[in-house]
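> attaching a predicted model along with its sequence, questions to come.
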Amino acid sequence: MNIQDNYQKNKKNIFFSENKNVENHRKKLISIFENDKFDKKNNESLKNTNLKNFFDFKYKYLVPEEKSVINNHHDNSYSIVCVNGQCSSFKDDKIQITKIIEGDYIDFSKNNTIEKNDHFVNLNSLFLNCGFKIIIKKNNNIKIKISNIVTDDELTIFQKNNFICEEGSSLNLIEEYENKNNSTSNILNVIKLEKNTQLNHFLIQDNSPSHNLIITSHSSCKKDSTYTQKVYNFSEGYVRNFHFSELIELNSEADLQGIFFLKDNNTSNNKTFVKHLAEDCKSNQVYKGILNDHSKATYFSNTYVDQVAQKTEGYQLSKGILLSDNASYFSKPELKIYADDVKCSHGSTIGPIDENAIFYLRSRGMSKIAATKILISSFINEELSSIDDKQMSQIIQKKLVRYLSKVK
């Protein structure tokens, strides 16, 4: 079934289908799919993907019988269990949670940071069937942990979430994706940071081989705000991480980091893109990967510096270790600079594990497997040691031990 027929058949189950502005936008998206030739070579959003799985799919969504759970703890922290992309409404003096509305959809449809040829984002907008908005109120410092649960096999989750940090607020956000069923989650996070705010965002991904996760984020940072994102991908199923950030006012920062651990025949696509649109802003984009067996990965990093964005500092780095001759990792850094007072750099190193280091450790009585595990741990030690949250650190360490236990 083609995308247009699929949409028309399931239209009544899709958010905002009766809104004329939304419907007009979706007609444009359908025309994009009808006219596009799905060129994998020149479209970064299609790398390492099975087109039939994602664009010739059977739509299925169930409103869960189980309600989402929101717990308010005494230490300014909240825990949320989100079921099939649904989250209950909640409000207190620190946060407010509601279902997304038509205005949120229309606001994002006008955004130009994410390329219009990103077919996964277009699918999300076309088949949107769930999502929520969380507002962190002014001058509050809180922590939120969200567990994203999918209840049934063959579900197609198209979810859009809005996170808004009001002026002076600070948020530690942990999102967990750990599903073992045969379903697909296509999630778009829209993040807005007002003046003098800070958001530390952790994404833990650990799905089974049959669960596909496509997650895209767009963050915008106003004056004196900082957005830090750290992605830890331990999934055995396909994962796409595409993350975009705009620095739109003075002295704002974006730090986008990721580590992925691949094995067997797994694949992962990764992209980060930061737009510098104001003076005195900083960005950091660092992704590292461990690839074993026949696994494949890509990482595209982009920094755009507008002509008004003087005194910009931008850094890009990609590193990969190939534990097998059959594993492959493609990295492509890109800088577009239109200002003359900047400090920008990029680097990329991909290759097998250092045989000299292996020899050194083995000469001191260590087995090859043990030596390999030590070198892998040291490769990502800087990223792991920078985790301030003890709970997060313990979770990541346990998953790392599990991955290393299967390295031979």
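Here it is on my side, so go on. Numbering: from 1, shown residues only.

> partner residues bridging Ile157?
In this structure, Ile157 has beta-bridge partners Ser185, where bridges are defined by DSSP bridges.

> mind listing what it touches?
Residues in contact with Ile157 (Cβ atoms under 8 Å, 6 or more residues apart in numbering) are 61, 84-85, 129-130, 150, 183-187. All C-beta spots, glycine's among them, are computed from the backbone N, C-alpha and C.

> measure it to Phe260 for me?
In this structure, Ile157 and Phe260 are separated by 21 Å, where distance is defined by Cβ to Cβ, to the nearest Å.

> cool, and Thr98?
Distance, Thr98 to Phe260, using Cβ to Cβ: 33 Å.

> make JSON lines from the contacts of Ile157 and add pLDDT, secondary structure and neighbour count to it.
Below are those laid out as JSON lines (pLDDT from 0 to 100; DSSP: H, G, I helix; E, B strand; the rest coil; neighbours: other Cβ atoms under 10 Å):
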{"residue": "Tyr61", "pLDDT": "95", "secondary structure": "coil", "neighbour count": "17"}
{"residue": "Asn84", "pLDDT": "95", "secondary structure": "coil", "neighbour count": "23"}
{"residue": "Gly85", "pLDDT": "95", "secondary structure": "coil", "neighbour count": "26"}
{"residue": "Asn129", "pLDDT": "96", "secondary structure": "coil", "neighbour count": "24"}
{"residue": "Cys130", "pLDDT": "96", "secondary structure": "strand", "neighbour count": "22"}
{"residue": "Val150", "pLDDT": "95", "secondary structure": "coil", "neighbour count": "25"}
{"residue": "Ser183", "pLDDT": "95", "secondary structure": "coil", "neighbour count": "23"}
{"residue": "Thr184", "pLDDT": "96", "secondary structure": "strand", "neighbour count": "22"}
{"residue": "Ser185", "pLDDT": "97", "secondary structure": "strand", "neighbour count": "23"}
{"residue": "Asn186", "pLDDT": "97", "secondary structure": "strand", "neighbour count": "24"}
{"residue": "Ile187", "pLDDT": "97", "secondary structure": "strand", "neighbour count": "22"}
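
> show me where pLDDT drops low in this structure?
Regions of the chain meeting the criterion pLDDT under 70 cover residues 112-115.

> let's check: the centremost residue of it is which one?
Compute the mean C-alpha point of the chain, and by Cα atoms, centre = their mean the closest residue is Asn241, 4.2 Å away.

> SS state for that one?
strand (DSSP: H, G, I helix; E, B strand; the rest coil).

> which ones are touching it?
Listed by Cβ under 8 Å, 6+ apart, the contact partners of Asn241 are 203, 205, 215, 231, 233, 258, 260, 268-271.

> can you flag which of those residues belong to strands?
Using DSSP state E, the members of the contacts of Asn241 that fall in strands are 203, 205, 215, 231, 233, 258, 260, 268-271.

> looking at the residues you listed, which is nearest Asp340?
In terms of Cβ to Cβ, no member of the ones in strands among the contacts of Asn241 lies closer to Asp340 than Lys271, at 27.2 Å.

> for the closest one, give its distance to Val231.
Distance, Lys271 to Val231, by Cβ to Cβ: 11 Å.

> overlap of the contact sets of these two?
Here Lys271 and Val231 have 241, 243 as joint contacts, going by Cβ under 8 Å, 6+ apart.

> okay, the contacts of Ile157 in JSON lines with distance to Ile248 next?
Listed next are the contacts of Ile157 as JSON lines, based on distance: Cβ to Cβ, whole Å:
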{"residue": "Tyr61", "distance to Ile248": "34"}
{"residue": "Asn84", "distance to Ile248": "33"}
{"residue": "Gly85", "distance to Ile248": "28"}
{"residue": "Asn129", "distance to Ile248": "30"}
{"residue": "Cys130", "distance to Ile248": "28"}
{"residue": "Val150", "distance to Ile248": "34"}
{"residue": "Ser183", "distance to Ile248": "36"}
{"residue": "Thr184", "distance to Ile248": "32"}
{"residue": "Ser185", "distance to Ile248": "29"}
{"residue": "Asn186", "distance to Ile248": "26"}
{"residue": "Ile187", "distance to Ile248": "23"}
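
> which among those gets closest to Asn19?
Asn129 (14.7 Å).

> how about the nearest residue to that closest one, chain neighbours excluded?
In space, and not counting its chain neighbours, Asn129 is closest to Tyr61: 4.6 Å by Cβ to Cβ, 6 or more residues apart in numbering.

> ok, now Asn189?
Nearest to Asn189 is Ser217, by Cβ to Cβ, 6+ apart, at 4.2 Å.

> doesn't Phe244 make contact with the one you found?
Yes: under the criterion of Cβ atoms under 8 Å, Ser217 makes contact with Phe244 at 6.8 Å.

> show me what contacts Glu23?
Contact partners of Glu23, counting by Cβ under 8 Å, 6+ apart, are Ser17.

> ugh, typo on my part, it should be Lys40
When contacts are counted by Cβ under 8 Å, 6+ apart, Lys40 is found next to 46-47, 49, 51.

> packing partners of the helix or strand Leu400 falls within?
With the criterion set as DSSP states H and E, the secondary-structure element containing Leu400 is helix 390-404. Other helices and strands packing on helix 390-404, by 3 or more Cβ pairs under 8 Å, 6 or more residues apart in numbering; DSSP states H and E, are strand 198-205, strand 253-262, helix 368-379, helix 381-385.

> repeat that with 10 Å
For helix 390-404, the elements it packs on are strand 141-149, strand 170-177, strand 198-205, strand 226-233, strand 253-262, strand 282-291, helix 368-379, helix 381-385, judged by 3 or more Cβ pairs under 10 Å, 6 or more residues apart in numbering; DSSP states H and E.

> buried ones in it?
392, 395-396, 399-400, 403-404 (16 or more other Cβ atoms under 10 Å).

> quick check: angle from that helix to strand 170-177?
When axes from the mean of the first three to the mean of the last three Cα atoms, to 10 degrees is applied, the directions of helix 390-404 and strand 170-177 differ by 30 degrees.

> centre of the chain to helix 390-404, how far?
Relative to the centre of its chain, helix 390-404 is centred 19 Å away, using Cα atoms, centre = their mean, to the nearest Å.

> same deal with stretch 95-107?
In this view, stretch 95-107 has its centroid 20 Å away from the chain centroid, taken as Cα atoms, centre = their mean.

> report the buried residues of that stretch.
Of the residues in stretch 95-107, those buried by neighbour count under the rule 16+ other Cβ under 10 Å are 95, 97-98, 100, 104-105.
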